[in-house]
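Q: no FASTA, just this:
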């Protein structure tokens, strides 16, 4: 693969990460995924393709809140509206309900977390 294609692949990785994780710094995600190096330093096309595949398909465990129902999808929409990221939302869920998974919450806990985010947006 020539240098121009490698540069395009690096750009595609950044675009994929920003599309899938808009409020998370992509350098942090790369470190979480085990790639503790800057993209500009990687010249191996196979490694870049691997990172691109990860960026396109996998939400890192440290940012995941589990499977989502319709209320969970609403919560994620509120999260983006508030300018939060998954890491911060997950911390709120842990602090409020003591679990990391959205579907493990009771209806009242789900309403409480949604209410907290709504109040944050109003401020």
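A: Perfect, thanks for sending it. Remember, predicted model here, so these are calculated numbers, not experimental data.

Q: tell me the secondary structure for residue 76?
A: At residue 76 the chain is in helix, as set by DSSP: H, G, I helix; E, B strand; the rest coil.

Q: I'd assumed residue 69 was in contact with it.
A: No: the pair residue 76 and residue 69 fails to qualify as a contact (CB atoms under 8 Å) at a distance of 11.2 Å. Yep, even glycine has a C-beta here, placed from its N, CA and C like the rest.

Q: so those two - more neighbours on which side?
A: Between residue 76 and residue 69, residue 76 has the larger neighbour count (other CB atoms under 10 Å), namely 16 against 11.

Q: what about the closest residue to that one other than its chain neighbours, how many residues close to it?
A: Closest residue in space to residue 76, ignoring its immediate chain neighbours: residue 68 at 6.7 Å, by CB to CB, 6 or more residues apart in numbering. The number of residues packed around residue 68, counting by other CB under 10 Å, is 14.

Q: residues contacting the top helix by length along the chain, please?
A: Taking residue count as the measure and DSSP state H as the definition, the longest helix of the chain comes out as helix 3-20. Residues external to helix 3-20 that are found in contact with it (CB atoms under 8 Å, 6 or more residues apart in numbering): 1, 24, 26, 29-30, 39-40, 42-43, 45, 48-49, 51-52, 55-56, 59.
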